[in-house]
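Colleague: Provided below for reference: sequence and predicted model.
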Amino acid sequence: MMRYLPILLACVSLVALSGCGRESEDGQTVVLTGSSTVAPVATDAAKRYEESHPGVRIDVQSGGSSRGIADAMSGLADLGMISRALKPEESELRSHRIAMDGVCVIVNSGNPVSDLTKEQLVDIYTGKVEIWSDLGGGDGEIVVASKAEGRATLEVFLGYTGLDSADIAADVIVGENQHAIKTVAGNVNSIAYVSIGAAASEAAAGTPIKLIACDGVAATTEAVAKGTFPITRPLQVVSHGELKPEAKEFLDFLQSREIDDIIEGHLYVPVPDR
Amino acid sequence: MSRFRIDKAVEFVLGLLAIISGGLVLLVVWFLFQGAKPALDSGILLRLFTDEFWQPGSARDPQFALVPMLVASFLVTILATALAVPVGIAGAVFHRFYAPGWIAKWNYRLMELLAGIPSVVLGFWGLMVIVPIVNRFQPPGQSLLAAGLVLALMLLPIVALTSQAALQSVPGEQLQAAAGLGIGRARTVWCIAIPAARGGIGSGILLALARAIGETLVVVMVCGNIAQIPDSIFDPVRPITSTIALEMGYATASHKALLYAAGLVLVILIGLLVGWLSFRRSGDHVAVN
Amino acid sequence: MPGETTFPKSTVQSRIADWGVGLVGAGAAAVTVGVLGWIVWDLMAMGLPNLSWEFITGDVEQSGRAGGVGPVILSTVLILLCFLASAVPLGVGCALWLSEFVRRGSGLARAVTGGVDLLASVPSIVFGLFGMAFFCQVLGLGFSILSGGLTLACMVLPILVRTTLSAMNSLPVDLRPAAGALGLTRTTTLRQVLLPAALPGIMIGVTLGVGRALAETAALLFTSGYSTRWPDSIDNSGRALSVHIYDLAMNIPNGNANASASALVLLVLILAINLAATALADRWIKFRIS
């Protein structure tokens, strides 16, 4: 048996390499890279699109919003995915909104506090208020969780509270939304801010977190849809210059009503009709 | 030098593979350097060591302190290795000298399994299980201690499996000679087997150290990510790898160059350490054990 | 193997020492097994309900919240094959050169060893970025399984080199002169005598390496990518199991159950690969000796 091993290996390699160099059926590939928030939506949309458009391949890669910007600019990707608004220095790109998301504050479900004003939030996050009893909660030091630099959720939060990132006195810094959610779920004194979609979904499934109302407005996707919720961010796809026809078609698909259910399935809000 | 042609050919091919292996790191360092150039050109290098905080995105007061993160990287590494090495070696001793056959076999399989647990699973588990436990002693739970504990779990199989292999290859004659002299098992292990195996065990420790300093995902989930020099083992810390992991995907071009610069500093410092260590041992078989 | 040397247990002192060491060792082993068991138990509690044949073979639906992990398993296996095909020759070859063909302590040997050691401590995320820049862009391989495998090979190289080197060094010293005295070329000595003898040690390195490769997430996310399609070839992008677990656990809400189930699949995969590797190595040795 051992003497046939080299032949066996050769066969396996042949099979593995057999697809190499062969373009996808008609050479039509659309590449999207960028935000890991938008990537799951794009992946689901791509799968649906490919079913009705055989011969086109949509490749979705993640890597962060700034990856999306960089790749769209350099042409490495046809479309970039970002989870924020474009900055002034990125004006070469055109943005196309595909969904809306809100950013809400969460605390542990064992925490009696259920709404906070903007001033209270600022006090908590700058370290002026340090124990929950000052806010009507129980005993216990507030464990403040904030997002890492560069994240869209952080920038939206800073925009809302009027703070600068140097002002924030956090006890813990987290990366992804799930990191924040798990931090709060595991610590009764913790507070964090995350995407409403992620938080609502987890709370509904039983994770011990609670979405707090901001200045009296309850944090729900309906409030985001109605436009009454104060802290929102756009989920967008960006493009640079002229798009090739396959990319343009997929972009139209992303902005159409056909993927509303996908967007809602991820608990984001479809953009209301223009 | 062998006089056979095939030997010369084989030597050439193997030498080529070795040069590629050794040279890869140069490629990686060059790549880091290219990425870091914009930051280095802008004269930030000094600020990396003199600033107090890490706030690159602040509009009001941007600061770029690397030192707290360097300290954190080394602290986490040392803590995790200090936890993993004794447990790993003790387990290997048990496996080789004390365990009955079937236990030994299963122990080995479990070690292999532990070696393959994805970093994200370990980090996730650490966040859900270890952090709340540490939190009960002292909030916030995500801390140097949590990072050290969970990272030690990642290192355990490396130390255990390499130590096992090293102990296994201690020549049987030495052990029999010891038995013949009437030396008991414990003393044989302590005075004969472990010293004889110290080359392989040392290799294992080196691999563990290297893994610890470079491990990213496990640490970023449980270390707390506050860039500060910790006062106690319960304080949150942020090693350099966590910073790169957290911020790379969302960084503007200049911020990205800064992150590359941070990575470059880390690799250079480790290089100096490795070079110094190997220089110190140049009396022994440096190239081999 | 335990039991081949019978240790005398004469004095009380040595008996106490023996018990002491034995207990400490058993304690360490128990802690290790205990923690591992704890992790696997938690994984099973969260993921076992979702584990099924459809899960293992089915397509990925709804970004992983439904459906299965079939394409992901295939991508993972292909990545592993690319990794093994590149890492093993490179790593074992380098170690053999260092141990058999070069004077210890010589400048070149130290440089190569230093380079390999330094490679070991490069952070995994840096490898991801490096792999993306070098394999995907410079070499033009794009997001592909091949890029992922090659990047992993760079990462795991030091483990293979070090363990193979250890294995070669622990061979009896008289093997090489004896072979020489018999007139064997060094190549034949290597192939027929040294390598088979060192194989168990090398296999440990391969085991550690495979474990490391399967456990790696950051590097693969940037090189073999995010795609959930059934891969046609190693040219395609295809996410590895570890990347899938990462996405489900950290990015997708309510992904915990499927993340745990995928983790269980990964553990079974590791067990299977290690069993296969050990069986293969055993047969090779038997083949050589007979």
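Modeller: Great, that's in hand. All values derive from a computational prediction rather than experimental measurement.
Colleague: what about the closest residue to chain A within the stretch 151-290 of chain C, which SS state?
Modeller: Closest contact between the stretch 151-290 of chain C and chain A, by CB to the nearest CB, is at C:S233 (2.2 Å). The way it works is simple: take the backbone N, C-alpha and C, and place the C-beta from them, glycine included. Following DSSP: H, G, I helix; E, B strand; the rest coil, the label given to C:S233 is coil.
Colleague: Go ahead and name everything in contact with stretch C:191-204.
Modeller: Residues from elsewhere that reach stretch C:191-204, judged by CB atoms under 8 Å, 6 or more residues apart in numbering or on different chains: B:161-162, B:164-165, B:168-169, C:92, C:100, C:163-164, C:166-168, C:170-171, C:175-176, C:179, C:184, C:277-278, C:281, C:284-285, C:288-289.
Colleague: out of those residues, which are buried?
Modeller: Neighbour counting by 16 or more other CB atoms under 10 Å in any protein chain shown classes B:161-162, B:164-165, B:168-169, C:92, C:100, C:163-164, C:166-168, C:170-171, C:176, C:179, C:184, C:277-278, C:281, C:284 among those as buried.
Colleague: who's in contact with B:A193?
Modeller: Going by CB under 8 Å, 6+ apart, B:A193 touches B:93, B:96-97, B:167, B:170, B:174-175.
Colleague: nope, B:F49 is what I was after
Modeller: Neighbouring residues of B:F49 by CB under 8 Å, 6+ apart: B:65-67.
Colleague: Can you flag which of the residues you listed belong to helices?
Modeller: B:V67 (DSSP state H).
Colleague: Quick check: phi and psi at A:T232.
Modeller: Main-chain torsions, A:T232, degrees, to the nearest 10: phi -130, psi 160.
Colleague: Quick check: the gap between it and chain C.
Modeller: 18 Å (CB to the nearest CB, to the nearest Å).
Colleague: A:S62 now?
Modeller: Distance from A:S62 to chain C, by CB to the nearest CB: 5 Å.
Colleague: is it true that that residue touches A:S35?
Modeller: Yes: using CB atoms under 8 Å, A:S62 is in contact with A:S35, at 7.3 Å.
Colleague: Count the neighbours of the closest residue to chain B within chain A for me.
Modeller: Closest to chain B within chain A is A:G64: 2.1 Å, counting by CB to the nearest CB. Using other CB atoms under 10 Å in any protein chain shown, A:G64 is surrounded by 25 other residues.
Colleague: Now do the same contact list for the residue nearest to it when sequence neighbours are not counted.
Modeller: In space, and not counting its chain neighbours, A:G64 is closest to B:G249: 2.1 Å by CB to CB, 6 or more residues apart in numbering or on different chains. By CB under 8 Å, 6+ apart, the contact set of B:G249 is A:36, A:62-67, A:150.
Colleague: Of the contacts of stretch C:191-204, which ones also sit close to chain A?
Modeller: Among these, the ones lying near chain A by CB under 8 Å from any CB of the partner chain are C:W284.
Colleague: Give the buried residues for the host helix or strand of A:R94.
Modeller: In this assignment (DSSP states H and E), A:R94 forms part of strand A:93-108. Using 16+ other CB under 10 Å as the test for burial, strand A:93-108 gives A:93, A:95-96, A:98-108.
Colleague: Could you measure from C:V33 over to C:G183?
Modeller: Plainly put, C:V33 is 50 Å away from C:G183 if you go by CB to CB, to the nearest Å.
Colleague: Between those two, tell me which one has more neighbours.
Modeller: C:V33 (17 against 7).
Colleague: Point out where chain C drops to low pLDDT.
Modeller: For chain C, residues meeting the criterion pLDDT under 70 lie at C:1-5, C:7-10, C:287-290.
Colleague: What segments of it are helices?
Modeller: According to DSSP H, the helices that chain C contains are C:12-47, C:53-57, C:70-96, C:107-120, C:124-131, C:145-169, C:175-181, C:186-188, C:195-215, C:218-223, C:241-250, C:256-289.
Colleague: before we move on, back to that, the strand holding A:R94 pairs with which strands, and in what direction?
Modeller: Counting by DSSP bridges, the strands paired with strand A:93-108 are strand A:190-195 (antiparallel), strand A:209-214 (antiparallel), strand A:232-240 (antiparallel), strand A:269-270 (antiparallel).
Colleague: average pLDDT for the third one?
Modeller: Looking back up the chat, that one is strand A:232-240. Across strand A:232-240, the average pLDDT comes to 90.
Colleague: now the strands for chain A?
Modeller: A:28-34, A:56-61, A:79-82, A:93-108, A:115-116, A:143-147, A:172-174, A:190-195, A:209-214, A:232-240, A:269-270 (DSSP state E).
Colleague: Tell me which of those is the most buried.
Modeller: Counting by mean count of other CB atoms under 10 Å in any protein chain shown, strand A:79-82 has the highest mean neighbour count of the strands of chain A, with a mean of 30.
Colleague: Against which helices or strands is that one packed?
Modeller: Packing contacts for strand A:79-82, counted by 3 or more CB pairs under 8 Å, 6 or more residues apart in numbering or on different chains; DSSP states H and E, involve strand A:28-34, helix A:65-74, strand A:232-240, helix A:245-255.
Colleague: I'd like the ones you listed as a markdown table, with distance to A:D167 appended.
Modeller: Converted to a markdown table, the helices and strands packed on strand A:79-82 look like this (distance: least, CB to CB, whole Å):
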| stretch | distance to A:D167 |
| --- | --- |
| strand A:28-34 | 29 |
| helix A:65-74 | 23 |
| strand A:232-240 | 20 |
| helix A:245-255 | 37 |
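Colleague: B:I240 is nearest to which of these?
Modeller: Nearest of these to B:I240, taken as CB to CB: helix A:65-74 at 19.2 Å.
Colleague: now for the closest one, which elements pack on it?
Modeller: When contacts are defined as 3+ CB pairs under 8 Å, 6+ apart, helix A:65-74 packs onto strand A:28-34, strand A:79-82, strand A:93-108, strand A:232-240.
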